[in-house]
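**Student:** A structural model of the following input is requested.
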Amino acid sequence: NHELLDPEHAPVVRRVLEGAAAVTAFDASIGEHVAAVLPDLRARLVTVPQAVRFAAAEPFDLEARWRLPADRLLFVLPAGIRPVKAPRRPLGPFDRVVAAEPRVRLLYVGPVLEAAEGEALARALGSRPWARHLGPIPHGSIPSLLEGADVVLNCSISEGGMANSVLEAMALGRAVLAADIPGNRALVEPEVTGLLFGTDAELEAGALRLARDASLRARLGAAGRARVSERYAPEREIEGYLDVYRRLIPVRA
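**Tutor:** This next block holds a predicted model:
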(Lines give C-alpha, C1' and ligand atoms only; values in the text may rest on other atoms or scores of the structure.)
Protein backbone atom coordinates (compact mmCIF):
# COMPACT_ATOMS: atom_id res chain seq x y z
CA ASN A 1 0.00 0.00 0.00
CA HIS A 2 2.20 2.85 1.26
CA GLU A 3 5.45 1.34 -0.08
CA LEU A 4 3.96 0.74 -3.53
CA LEU A 5 4.71 4.42 -4.26
CA ASP A 6 7.86 4.73 -2.16
CA PRO A 7 10.90 5.33 -4.43
CA GLU A 8 13.15 3.12 -2.30
CA HIS A 9 10.85 0.12 -1.88
CA ALA A 10 8.47 0.30 -4.84
CA PRO A 11 10.62 -1.68 -7.34
CA VAL A 12 10.87 -4.69 -5.01
CA VAL A 13 7.19 -4.50 -4.00
CA ARG A 14 6.11 -4.33 -7.64
CA ARG A 15 8.29 -7.31 -8.65
CA VAL A 16 6.79 -9.40 -5.85
CA LEU A 17 3.22 -8.46 -6.80
CA GLU A 18 3.78 -8.98 -10.52
CA GLY A 19 5.23 -12.43 -9.86
CA ALA A 20 2.33 -13.59 -7.69
CA ALA A 21 -0.39 -15.93 -8.94
CA ALA A 22 -2.84 -14.24 -6.57
CA VAL A 23 -2.70 -11.10 -4.45
CA THR A 24 -4.94 -10.85 -1.39
CA ALA A 25 -6.07 -7.63 0.26
CA PHE A 26 -7.91 -7.16 3.54
CA ASP A 27 -10.30 -4.64 2.00
CA ALA A 28 -11.52 -3.82 -1.51
CA SER A 29 -10.20 -0.25 -1.21
CA ILE A 30 -6.65 -1.57 -0.92
CA GLY A 31 -7.17 -3.80 -3.95
CA GLU A 32 -8.43 -0.80 -5.93
CA HIS A 33 -5.35 1.19 -4.92
CA VAL A 34 -3.05 -1.60 -6.11
CA ALA A 35 -5.00 -2.03 -9.36
CA ALA A 36 -4.79 1.71 -10.05
CA VAL A 37 -0.99 1.51 -9.87
CA LEU A 38 -0.62 -1.94 -11.49
CA PRO A 39 -3.70 -2.48 -13.72
CA ASP A 40 -2.50 -5.87 -14.98
CA LEU A 41 -2.96 -7.26 -11.46
CA ARG A 42 -6.70 -6.62 -11.29
CA ALA A 43 -7.70 -10.15 -12.32
CA ARG A 44 -5.43 -11.63 -9.64
CA LEU A 45 -6.66 -9.47 -6.76
CA VAL A 46 -8.82 -11.13 -4.12
CA THR A 47 -10.37 -9.54 -1.02
CA VAL A 48 -10.17 -11.66 2.13
CA PRO A 49 -11.34 -9.70 5.19
CA GLN A 50 -8.96 -9.90 8.13
CA ALA A 51 -10.11 -11.64 11.30
CA VAL A 52 -9.16 -11.22 14.91
CA ARG A 53 -8.54 -13.96 17.44
CA PHE A 54 -6.85 -13.65 20.81
CA ALA A 55 -4.70 -16.43 22.21
CA ALA A 56 -4.70 -17.14 25.94
CA ALA A 57 -4.69 -13.69 27.48
CA GLU A 58 -1.93 -12.64 29.85
CA PRO A 59 -2.77 -10.02 32.51
CA PHE A 60 -1.02 -6.68 32.15
CA ASP A 61 -0.37 -4.59 35.26
CA LEU A 62 -0.42 -1.05 33.90
CA GLU A 63 -0.44 0.39 37.42
CA ALA A 64 3.02 -1.08 38.01
CA ARG A 65 4.35 0.78 34.96
CA TRP A 66 2.45 4.06 35.22
CA ARG A 67 0.51 5.25 38.26
CA LEU A 68 -2.77 6.75 37.12
CA PRO A 69 -5.47 8.64 39.02
CA ALA A 70 -8.55 6.57 39.80
CA ASP A 71 -10.77 8.82 37.67
CA ARG A 72 -8.45 8.87 34.65
CA LEU A 73 -9.75 8.71 31.07
CA LEU A 74 -7.20 6.61 29.22
CA PHE A 75 -6.54 6.90 25.49
CA VAL A 76 -4.21 4.18 24.18
CA LEU A 77 -2.27 4.39 20.91
CA PRO A 78 -0.87 0.92 20.11
CA ALA A 79 1.67 1.11 17.27
CA GLY A 80 5.27 0.62 16.32
CA ILE A 81 6.91 4.04 16.52
CA ARG A 82 7.66 5.15 12.94
CA PRO A 83 6.61 8.10 10.77
CA VAL A 84 3.78 6.30 8.93
CA LYS A 85 2.01 5.82 12.29
CA ALA A 86 2.22 9.60 13.00
CA PRO A 87 2.72 9.09 16.75
CA ARG A 88 3.37 12.77 17.48
CA ARG A 89 0.27 14.01 15.68
CA PRO A 90 -2.11 13.80 18.66
CA LEU A 91 0.16 15.70 21.06
CA GLY A 92 -0.84 19.22 20.00
CA PRO A 93 -4.57 18.47 20.02
CA PHE A 94 -4.23 16.62 23.32
CA ASP A 95 -2.49 19.63 24.90
CA ARG A 96 -5.85 21.35 24.51
CA VAL A 97 -7.90 18.26 25.41
CA VAL A 98 -6.02 17.82 28.69
CA ALA A 99 -6.34 21.54 29.47
CA ALA A 100 -10.13 21.13 29.18
CA GLU A 101 -10.30 17.64 30.73
CA PRO A 102 -7.36 17.15 33.13
CA ARG A 103 -8.29 13.50 33.76
CA VAL A 104 -7.25 12.51 30.23
CA ARG A 105 -4.09 10.43 29.80
CA LEU A 106 -2.44 9.25 26.57
CA LEU A 107 -0.49 5.99 26.51
CA TYR A 108 1.71 4.75 23.67
CA VAL A 109 2.46 1.03 23.44
CA GLY A 110 4.77 -0.50 20.85
CA PRO A 111 8.42 -0.83 19.88
CA VAL A 112 10.50 1.95 18.35
CA LEU A 113 10.93 0.86 14.72
CA GLU A 114 12.66 4.02 13.49
CA ALA A 115 15.14 5.57 15.89
CA ALA A 116 14.73 9.18 14.74
CA GLU A 117 10.96 9.07 15.27
CA GLY A 118 11.42 7.38 18.64
CA GLU A 119 13.82 10.10 19.77
CA ALA A 120 11.50 12.86 18.56
CA LEU A 121 8.58 11.30 20.42
CA ALA A 122 10.62 10.95 23.61
CA ARG A 123 11.55 14.64 23.45
CA ALA A 124 7.94 15.64 22.87
CA LEU A 125 6.73 13.54 25.81
CA GLY A 126 9.33 15.04 28.14
CA SER A 127 7.19 18.13 28.76
CA ARG A 128 3.87 16.26 28.88
CA PRO A 129 3.39 14.33 32.13
CA TRP A 130 -0.07 13.21 30.97
CA ALA A 131 1.45 11.10 28.17
CA ARG A 132 3.86 8.16 28.26
CA HIS A 133 5.44 5.59 25.95
CA LEU A 134 5.74 2.16 27.55
CA GLY A 135 7.57 0.47 24.69
CA PRO A 136 6.68 -3.05 23.57
CA ILE A 137 4.60 -5.45 25.64
CA PRO A 138 3.87 -9.15 24.98
CA HIS A 139 1.13 -9.63 22.39
CA GLY A 140 -0.73 -11.85 24.83
CA SER A 141 -1.06 -8.85 27.15
CA ILE A 142 -2.69 -6.61 24.54
CA PRO A 143 -6.29 -7.64 25.40
CA SER A 144 -5.72 -6.90 29.08
CA LEU A 145 -4.22 -3.51 28.26
CA LEU A 146 -6.94 -2.51 25.78
CA GLU A 147 -9.71 -3.61 28.13
CA GLY A 148 -8.34 -1.04 30.58
CA ALA A 149 -8.53 1.72 27.97
CA ASP A 150 -11.44 4.09 27.55
CA VAL A 151 -10.56 4.89 23.93
CA VAL A 152 -8.16 3.35 21.41
CA LEU A 153 -6.48 5.84 19.08
CA ASN A 154 -5.09 5.35 15.56
CA CYS A 155 -3.33 8.25 13.82
CA SER A 156 -1.77 6.40 10.88
CA ILE A 157 -1.03 8.14 7.59
CA SER A 158 -1.51 4.81 5.81
CA GLU A 159 -2.40 1.21 6.62
CA GLY A 160 -1.66 -1.85 4.50
CA GLY A 161 -5.28 -2.88 4.89
CA MET A 162 -7.18 -2.99 8.16
CA ALA A 163 -5.36 -1.73 11.24
CA ASN A 164 -4.83 -4.58 13.70
CA SER A 165 -5.11 -2.17 16.62
CA VAL A 166 -8.52 -0.91 15.46
CA LEU A 167 -9.83 -4.41 14.77
CA GLU A 168 -8.65 -5.67 18.16
CA ALA A 169 -10.08 -2.65 19.97
CA MET A 170 -13.47 -3.15 18.33
CA ALA A 171 -13.44 -6.88 19.13
CA LEU A 172 -12.91 -5.97 22.79
CA GLY A 173 -15.72 -3.42 22.81
CA ARG A 174 -13.52 -0.34 23.07
CA ALA A 175 -14.44 3.02 21.56
CA VAL A 176 -12.19 3.91 18.61
CA LEU A 177 -10.96 7.31 17.40
CA ALA A 178 -9.10 6.83 14.12
CA ALA A 179 -7.58 8.75 11.24
CA ASP A 180 -9.83 8.97 8.20
CA ILE A 181 -7.82 6.76 5.82
CA PRO A 182 -8.97 3.81 3.67
CA GLY A 183 -7.68 1.10 6.02
CA ASN A 184 -9.60 2.59 8.93
CA ARG A 185 -12.73 3.44 6.94
CA ALA A 186 -12.99 -0.27 6.11
CA LEU A 187 -13.67 -0.89 9.81
CA VAL A 188 -14.99 2.31 11.35
CA GLU A 189 -18.45 3.49 10.35
CA PRO A 190 -18.56 7.09 11.64
CA GLU A 191 -20.83 7.60 14.65
CA VAL A 192 -21.73 3.88 14.59
CA THR A 193 -18.62 1.79 15.33
CA GLY A 194 -16.23 4.65 16.07
CA LEU A 195 -15.20 8.20 15.21
CA LEU A 196 -12.95 9.29 12.33
CA PHE A 197 -10.91 12.49 12.03
CA GLY A 198 -9.29 14.18 9.07
CA THR A 199 -7.91 17.33 10.69
CA ASP A 200 -6.28 18.08 14.03
CA ALA A 201 -9.37 20.07 14.99
CA GLU A 202 -11.51 16.98 14.35
CA LEU A 203 -9.09 14.87 16.38
CA GLU A 204 -9.38 17.30 19.29
CA ALA A 205 -13.18 17.50 19.02
CA GLY A 206 -13.54 13.72 18.82
CA ALA A 207 -11.28 13.17 21.81
CA LEU A 208 -13.24 15.70 23.87
CA ARG A 209 -16.57 14.10 22.93
CA LEU A 210 -15.34 10.67 23.94
CA ALA A 211 -13.75 11.94 27.15
CA ARG A 212 -16.97 13.64 28.22
CA ASP A 213 -19.56 11.09 27.13
CA ALA A 214 -19.40 7.62 28.71
CA SER A 215 -22.61 6.57 26.97
CA LEU A 216 -21.10 7.41 23.57
CA ARG A 217 -18.03 5.32 24.39
CA ALA A 218 -20.23 2.41 25.46
CA ARG A 219 -22.48 2.65 22.39
CA LEU A 220 -19.58 2.77 19.92
CA GLY A 221 -17.78 -0.05 21.72
CA ALA A 222 -20.82 -2.33 21.71
CA ALA A 223 -21.52 -1.66 18.02
CA GLY A 224 -17.87 -2.28 17.16
CA ARG A 225 -17.84 -5.60 18.98
CA ALA A 226 -21.02 -6.69 17.17
CA ARG A 227 -19.60 -5.62 13.78
CA VAL A 228 -16.42 -7.67 14.28
CA SER A 229 -18.41 -10.71 15.39
CA GLU A 230 -20.65 -10.41 12.32
CA ARG A 231 -18.07 -9.70 9.61
CA TYR A 232 -14.59 -10.63 10.79
CA ALA A 233 -14.83 -14.12 12.26
CA PRO A 234 -11.68 -16.30 11.95
CA GLU A 235 -13.68 -19.00 10.13
CA ARG A 236 -14.56 -16.54 7.38
CA GLU A 237 -10.92 -15.53 6.88
CA ILE A 238 -9.79 -19.18 6.79
CA GLU A 239 -12.42 -20.06 4.19
CA GLY A 240 -11.39 -17.04 2.10
CA TYR A 241 -7.78 -18.22 1.87
CA LEU A 242 -8.85 -21.81 1.24
CA ASP A 243 -10.88 -20.56 -1.74
CA VAL A 244 -7.76 -18.86 -3.11
CA TYR A 245 -5.68 -22.03 -2.68
CA ARG A 246 -8.36 -24.17 -4.33
CA ARG A 247 -8.27 -21.96 -7.42
CA LEU A 248 -4.48 -22.05 -7.58
CA ILE A 249 -3.96 -25.76 -6.91
CA PRO A 250 -5.88 -28.17 -9.17
CA VAL A 251 -7.64 -30.93 -7.24
CA ARG A 252 -7.07 -34.39 -8.68
CA ALA A 253 -10.05 -36.71 -8.79
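
**Student:** Tell me where the model's unsure across the stretch 51-200 of the chain.
**Tutor:** By pLDDT under 70, the low-scoring segments of the stretch 51-200 of the chain are 160.

**Student:** Please state the offset of the helix of greatest length in the chain from the chain centre?
**Tutor:** For the chain, the helix that runs over the most residues, judged by DSSP state H, is helix 214-231. On the basis of Cα atoms, centre = their mean, to the nearest Å, helix 214-231 sits 16 Å off its chain's mean C-alpha point.

**Student:** How far away from the center of its chain is the helix or strand following it?
**Tutor:** Later in the chain than helix 214-231, the nearest helix or strand by DSSP states H and E is helix 234-248. How far helix 234-248 lies from its chain's middle: 24 Å, per Cα atoms, centre = their mean.

**Student:** Now do helix 234-248 against helix 214-231, angle only.
**Tutor:** 40 degrees (axes from the mean of the first three to the mean of the last three Cα atoms, to 10 degrees).

**Student:** which helices and strands does helix 234-248 pack with?
**Tutor:** Contact here means 3 or more Cβ pairs under 8 Å, 6 or more residues apart in numbering; DSSP states H and E; on that basis helix 234-248 packs against strand 23-25, strand 45-47. To be clear about C-beta, it is placed using only N, CA and C from the backbone, and glycine gets the same treatment.

**Student:** quick one: Arg72 and Arg105 touch, right?
**Tutor:** Yes: counting by Cβ atoms under 8 Å, Arg72 does reach Arg105; the two are 5.1 Å apart.

**Student:** Of the two, which one has the most company?
**Tutor:** Arg105 (21 against 17; other Cβ atoms under 10 Å).

**Student:** So that one sits against Arg67, correct?
**Tutor:** No: counting by Cβ under 8 Å, Arg105 stays clear of Arg67, with 10.5 Å between them.

**Student:** Quick one: name whatever helix or strand follows the one helix or strand Ser165 maps to.
**Tutor:** Element membership for Ser165, per DSSP H and E: helix 164-171. Heading C-terminal from helix 164-171, the first helix or strand you meet, by DSSP H and E, is strand 175-179.

**Student:** so what does that next one touch, helix or strand wise?
**Tutor:** Against strand 175-179 (3+ Cβ pairs under 8 Å, 6+ apart) you get strand 151-154, helix 164-171, strand 195-197, helix 200-212, helix 214-231.

**Student:** What lies in contact with that strand?
**Tutor:** With Cβ atoms under 8 Å, 6 or more residues apart in numbering as the contact definition, strand 175-179 has outside contacts at 75, 86, 150-157, 163, 166, 169-170, 184, 187-188, 193-198, 203, 206-207, 210, 216-218, 220-221, 224.

**Student:** Measure how buried Pro182 is and give me the count.
**Tutor:** Neighbour count of Pro182, defined by other Cβ under 10 Å: 17.

**Student:** next one: the one 3 residues further on
**Tutor:** The burial metric for Arg185, expressed as a neighbour count using other Cβ under 10 Å, is 17.

**Student:** Also Val244?
**Tutor:** Per other Cβ under 10 Å, the neighbour tally for Val244 reads 15.

**Student:** Hmm, it is touching Ala22, no?
**Tutor:** Yes: if you go by Cβ under 8 Å, Val244 and Ala22 touch, sitting 5.3 Å apart.
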